[in-house]
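Participant: Next input, structure requested:
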Amino acid sequence: MSIDINQFTKLFMVDDLAIHIDEVPWVPQGDRVWFKPVRFSLANGQWINLLKVKPGGVVNRHRHTGGQVMAYTLQGQWRYLEREWVAKPGTFVYEPPGDIHTLVVEGEEEMMTLFILEGSIQYLNDQDEIIGQDDVFSKIKRYKEYCEQHNLEMRKDLFF
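Facilitator: Numbering: from 1, shown residues only. I've put the predicted structure just below:
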């Protein structure tokens, strides 16, 4: 018995999707830090978002667990206090699970970077004790609360 792969694929294929990012709000994440969700995947704990950080903004010292992080810088520049490199527009960054770093934006231009994250982010104090955590569920919660506070409808097309 022969299976037509094209017919089989049509039975299980998910429709393609184009998200108009201008229609998605910037959600406050911290002082001078916002995220704009692009994708939430409950199946694998992945979330994709644009991160915007104004000059002087910091994403506190943290460790990624449960998966890798990939980033592509679109605007401005940023770096990790614990590294020598600086990410500028066109820079691709890969972060292995377990990496600990502090994201800072210096200079006069805001940074905008597309991040693809898996697992969780554990925020750490100077003694490496966990003082907070983010994952796909906390990001969804923050997005949901922002939409409720501003009378916006949650975008169902961000969940796929």
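Participant: mind listing what the most centrally placed residue in the chain touches?
Facilitator: By C-alpha atoms, centre = their mean, the chain has its centre lying nearest to residue 49, at 3.7 Å. Residue 49 makes contact with 35, 36, 37, 38, 114, 115, 117, 139, according to C-beta atoms under 8 Å, 6 or more residues apart in numbering. Bear in mind the C-beta positions are built from the backbone N, C-alpha and C, glycine included.
Participant: which stretches of this structure have low pLDDT?
Facilitator: Low-confidence segments of the chain (pLDDT under 70): 1.
Participant: Mind naming the longest helix for it?
Facilitator: Across the chain, the helix with the greatest residue count (assigned by DSSP state H) is helix 136-149.
Participant: how about the contacts of residue 49, which pair is most distant?
Facilitator: 114 and 139 (14.6 Å; C-beta to C-beta).
Participant: Please confirm that residue 43 is located within a helix.
Facilitator: No: counting by DSSP: H, G, I helix; E, B strand; the rest coil, residue 43 is not part of a helix but coil.
Participant: quick one, helices of this structure?
Facilitator: Under DSSP H, the chain gives helices at 5-12, 136-149.
Participant: Let me know which of these is the nearest to residue 63.
Facilitator: helix 136-149 (15.4 Å).
Participant: CA-only coordinates of the closest one, as PDB, when you get a sec.
Facilitator: C-alpha atoms of helix 136-149 as PDB (Å, rounded to 0.1, in the frame of the first residue of the first chain):
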ATOM      1  CA  VAL A 136       6.100  30.600  28.900                       C
ATOM      2  CA  PHE A 137       3.300  30.600  31.600                       C
ATOM      3  CA  SER A 138       4.500  33.700  33.400                       C
ATOM      4  CA  LYS A 139       4.900  35.500  30.100                       C
ATOM      5  CA  ILE A 140       1.300  34.500  29.000                       C
ATOM      6  CA  LYS A 141       0.100  35.700  32.400                       C
ATOM      7  CA  ARG A 142       1.800  39.100  32.100                       C
ATOM      8  CA  TYR A 143       0.500  39.500  28.500                       C
ATOM      9  CA  LYS A 144      -3.100  38.500  29.600                       C
ATOM     10  CA  GLU A 145      -3.000  40.900  32.600                       C
ATOM     11  CA  TYR A 146      -1.800  43.800  30.400                       C
ATOM     12  CA  CYS A 147      -4.500  43.100  27.800                       C
ATOM     13  CA  GLU A 148      -7.200  43.100  30.600                       C
ATOM     14  CA  GLN A 149      -5.900  46.300  32.100                       C
END
